[in-house]
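Visitor: This is the structure alone, sequence omitted:
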Ligand SMILES: Nc1ncnc2c1ncn2[C@@H]1O[C@H](COP(=O)(O)OP(=O)(O)O)[C@@H](O)[C@H]1O
Ligand SMILES: Cc1cn([C@H]2C[C@H](O)[C@@H](COP(=O)(O)O)O2)c(=O)[nH]c1=O
């Protein structure tokens, strides 16, 4: 089976990926954790809830069928695959996962966000939507600042919602300093980049809501 569990940033996808891995592994099943561009910058699956596991980084050109063959040649069994940040897979890699599920019976669990900062499907996510046997939104709601369910991942640079730029910019929902911001805006006078989950209305309007400031006060802006 090929499964795709999806949801906005911060909804618990990596946590769920590690929980599923834990439950399979404790029953003696042999699994492989794959990831592309984890926020930690390392080949790991990291959950904000505090758990993390080593994983295999999937390169842009990697053939996942070949990767599994290499494990077999080394005498390693692979019963299941956990793939985090699956939105970053190429459409071909999504097809390779479908082939592994169909032809060699590997259980494949993919986790990722569906849409990018423009609200458009990532190519890898799109292919997974087309191919997966099972599609499941992750159940933990992420709320927009207004309280409505958030589904859109706004890219926020120095307090402004970006509408143009590279599809892939790895960052968190808490601000991080950007050193090379040339791909983000023409004049790289930039200090911080983050993502913020918004409902559709506030995503359309580019409205980030009240801004939290220290000492628990709220500044409207
Ligand atoms: N200290 C905490 N206590 C409880 N839940 C937490 C804590 N820190 C993070 N979380 C949960 O972890 C979620 C993020 O999980 P994560 O697996 O990193 O998300 P994703 O992979 O979807 O971006 C948050 O939405 C929140 O529900
Ligand atoms: C919307 C959007 C996100 N990204 C990056 C930012 C993060 O590194 C990951 C998502 O991580 P999470 O585990 O779901 O929190 O994707 C991106 O590169 N481009 C985008 O448009």
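Guide: That came through fine. What you see is a predicted model, and the numbers here were worked out from it, not measured in a lab. Ligands and ions are numbered 1, 2, ... in the order given.

Visitor: how about the residues of this protein that lie near ligand 2?
Guide: Counting by CB under 6 Å from any ligand atom, the positions of the chain adjacent to ligand 2 are 9-10, 13-14, 39, 85, 113, 116-117, 153, 155, 167-171, 195. For every residue, glycine as well, the C-beta is placed using N, CA and C.

Visitor: Go again with 5 Å.
Guide: Residues of the chain lying near ligand 2 by CB under 5 Å from any ligand atom: 9, 39, 113, 116, 117, 153, 168, 169, 170.

Visitor: Is it possible to get TSV of these that adds secondary structure?
Guide: Shown next, in TSV, are the residues of the chain next to ligand 2 (DSSP: H, G, I helix; E, B strand; the rest coil):
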residue	secondary structure
9	coil
39	coil
113	coil
116	coil
117	coil
153	strand
168	coil
169	coil
170	coil
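
Visitor: Out of these, grab the one that's most surrounded.
Guide: Counting neighbours by other CB atoms under 10 Å, residue 113 comes out on top of those with 25 neighbours.

Visitor: thinking again about what came up before, looking at the residues of the chain next to ligand 2, which gets the smallest pLDDT?
Guide: When the residues of the chain next to ligand 2 are sorted by pLDDT, the bottom entry is residue 39 at 90.

Visitor: I'd guessed it sits against residue 45; true?
Guide: No: here residue 39 does not reach residue 45: they are 10.3 Å apart, not a contact under CB atoms under 8 Å.

Visitor: and stretch 142-153, how far apart are its ends?
Guide: 11 Å (CA to CA, to the nearest Å).

Visitor: anything in that stretch near ligand 1?
Guide: No: counting by CB under 5 Å from any ligand atom, ligand 1 has no neighbours in stretch 142-153; the shortest distance is 6.0 Å.

Visitor: what sits up against that stretch?
Guide: The contact list for stretch 142-153 (CB atoms under 8 Å, 6 or more residues apart in numbering) reads 7-11, 113, 115-117, 119, 141, 195-203, 208-210.

Visitor: Give the buried subset of the residues you listed as a ChimeraX selection command.
Guide: One line in ChimeraX is enough to select the buried ones among the contacts of stretch 142-153; burial here means 16 or more other CB atoms under 10 Å:
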select :7,8,9,10,11,113,115,116,117,119,141,195,196,197,198,199,202,203,208
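
Visitor: Roughly how far does the closest residue in space to residue 176 that isn't next to it in sequence sit from ligand 1?
Guide: Excluding the flanking residues, the one nearest residue 176 by CB to CB, 6 or more residues apart in numbering is residue 193, at 6.1 Å. As defined by CB to the nearest ligand atom, to the nearest Å, residue 193 lies at a distance of 16 Å from ligand 1.

Visitor: Go ahead and confirm residue 193 touches residue 160.
Guide: No: the criterion here is CB under 8 Å, and residue 193 misses it with residue 160 at 10.5 Å.
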